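Visitor: Fold the following, please.
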Amino acid sequence: MIRHKRYAPVIFFIGGFIWDSLTLGRIDGWYSNSILLFYLISLTSCLYIYNLADDNHWEGTFIESYQQYAPLGIQFFLGGLSSAYVIFFFQSVTFTRTLVFFVILVILLLSNELLRDRISNKYLQFGAYFFVTFTFFTFFTPVLFGIMNTFLFVLSGLISLLLTLIFIFYIYRKSPSTRSDISRAKISFIVIGIYVTINIFYFFNLIPPVPLSLQNGIVAYKVEKENNIFTVSYEQSASYNLWETYDKTFHYAPNDTVFIYTSIFAPTDLSKSVQHEWQRYDPSVQEWQTSDTISYEVIGGRRGGFRGYTYKENIASGKWRVNVVTEEGLVLGKLDFRIIPDSSFDKSQLSTVRFE
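Guide: Numbering: from 1, shown residues only. Here you go, the predicted structure:
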């Protein structure tokens, strides 16, 4: 039994990830948010039990028999929260600067397994606790209030910072062993440092715009809407290109129109302005030049995402991209393509898909 005990944290870690993958639904679902709130409360409880156990605080209580499982509880609930964030943020991350924050989440998820050897490090405990608390409030408050803006992000951060510091200082006051293990000034510096770092990430557009996510994006030759059904005609990618649904080369003939179709998921009751930022690469200055920025309002609640499109006529040849961004500049996605003049292209070979 003792020989296998060292594998228990890993089993709990993997169990938390698998459980989240199977049970979590939409990011705006009350079930999903209730589960994550339960995880956060349970993580708080396990940290409280664990940090007071060294002071024999639970001696003579019913918790005494269970306090030995507090480290496993920390492992499970921290792993559960981290894996849920990886699942949700993966839906919003793009291969742009926002990938940095997503990588940090993945590192937290994987390094959680190392806590089995470092669980006694209270600076690490409380630092990780604040990070998952802040991350939870960044997408829970937009879902709760139905709005998403900079003020709400800052408010989410301040709420999580205040709650975390109150929790830490309460343990610090109650636990002599905690007072001997950590410095109140140092742990405050670490937590505030994490808070400042996340805010820097936000204002430099390094955080994926959760709970918004780009569900679909297509460079199309034609988009029609009738009875709330979108019909999109596009050139399908080569069969060997598994990662693209459309061909990145647009065969342009005079009088053609280039369409960008997107479907964007947003939580129920959330209304948000998004933009299609059309950019062409200018080789003479080696920079992307914005030619048009077209905005439209996304209304949340639809499982398949809010559908919309923009288009451009009389478009110049060359390398193009359309950035799908929020009004704050947070990147939802990016569609790259190349315009090649080709009047002989047979449009009868285009594929057509209907989005209902």
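
Visitor: And for residue 328, the neighbour number?
Guide: 15 (other Cβ atoms under 10 Å). Where you see a C-beta, it was placed from the backbone N, CA and C, and this is true even at glycine.

Visitor: cool, and residue 229?
Guide: If we define neighbours as other Cβ under 10 Å, then residue 229 has 11 of them.

Visitor: Give me the spatial nearest neighbour of it, chain neighbours excluded.
Guide: residue 356 (5.2 Å; Cβ to Cβ, 6 or more residues apart in numbering).

Visitor: Quick check: the gap between residue 33 and residue 211.
Guide: 10 Å (Cβ to Cβ, to the nearest Å).

Visitor: Need the overlap of contacts for the two.
Guide: Both residue 33 and residue 211 are in contact with residue 143, where contact means Cβ atoms under 8 Å, 6 or more residues apart in numbering.

Visitor: out of these two, which sits in the more crowded spot?
Guide: Counting neighbours by other Cβ under 10 Å for residue 33 and for residue 211 shows that residue 211 has the greater number, 25 against 20.

Visitor: Strands of this structure, start to end?
Guide: 213-220, 222-226, 229-234, 249-252, 257-265, 271-282, 287-299, 306-313, 318-326, 331-341, 351-355 (DSSP state E).

Visitor: Reformat those strands as JSON lines; add distance to residue 40 and mean pLDDT.
Guide: Listed next are these as JSON lines, based on distance: least, Cβ to Cβ, whole Å; pLDDT from 0 to 100:
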{"stretch": "strand 213-220", "distance to residue 40": "22", "mean pLDDT": "86"}
{"stretch": "strand 222-226", "distance to residue 40": "42", "mean pLDDT": "93"}
{"stretch": "strand 229-234", "distance to residue 40": "39", "mean pLDDT": "93"}
{"stretch": "strand 249-252", "distance to residue 40": "47", "mean pLDDT": "91"}
{"stretch": "strand 257-265", "distance to residue 40": "23", "mean pLDDT": "92"}
{"stretch": "strand 271-282", "distance to residue 40": "25", "mean pLDDT": "92"}
{"stretch": "strand 287-299", "distance to residue 40": "28", "mean pLDDT": "92"}
{"stretch": "strand 306-313", "distance to residue 40": "29", "mean pLDDT": "92"}
{"stretch": "strand 318-326", "distance to residue 40": "26", "mean pLDDT": "92"}
{"stretch": "strand 331-341", "distance to residue 40": "27", "mean pLDDT": "89"}
{"stretch": "strand 351-355", "distance to residue 40": "36", "mean pLDDT": "92"}
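
Visitor: got JSON lines for these, with distance to residue 184 too?
Guide: Shown next, in JSON lines, are those (distance: least, Cβ to Cβ, whole Å):
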{"stretch": "strand 213-220", "distance to residue 184": "40"}
{"stretch": "strand 222-226", "distance to residue 184": "59"}
{"stretch": "strand 229-234", "distance to residue 184": "57"}
{"stretch": "strand 249-252", "distance to residue 184": "60"}
{"stretch": "strand 257-265", "distance to residue 184": "42"}
{"stretch": "strand 271-282", "distance to residue 184": "40"}
{"stretch": "strand 287-299", "distance to residue 184": "45"}
{"stretch": "strand 306-313", "distance to residue 184": "47"}
{"stretch": "strand 318-326", "distance to residue 184": "38"}
{"stretch": "strand 331-341", "distance to residue 184": "39"}
{"stretch": "strand 351-355", "distance to residue 184": "56"}
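
Visitor: Nearest to residue 165, out of those?
Guide: In terms of Cβ to Cβ, the element of those nearest to residue 165 is strand 318-326, at 30.1 Å.

Visitor: The closest one to strand 331-341, inter-axis angle?
Guide: Counting by axes from the mean of the first three to the mean of the last three Cα atoms, to 10 degrees, strand 318-326 lies at 160 degrees to strand 331-341.
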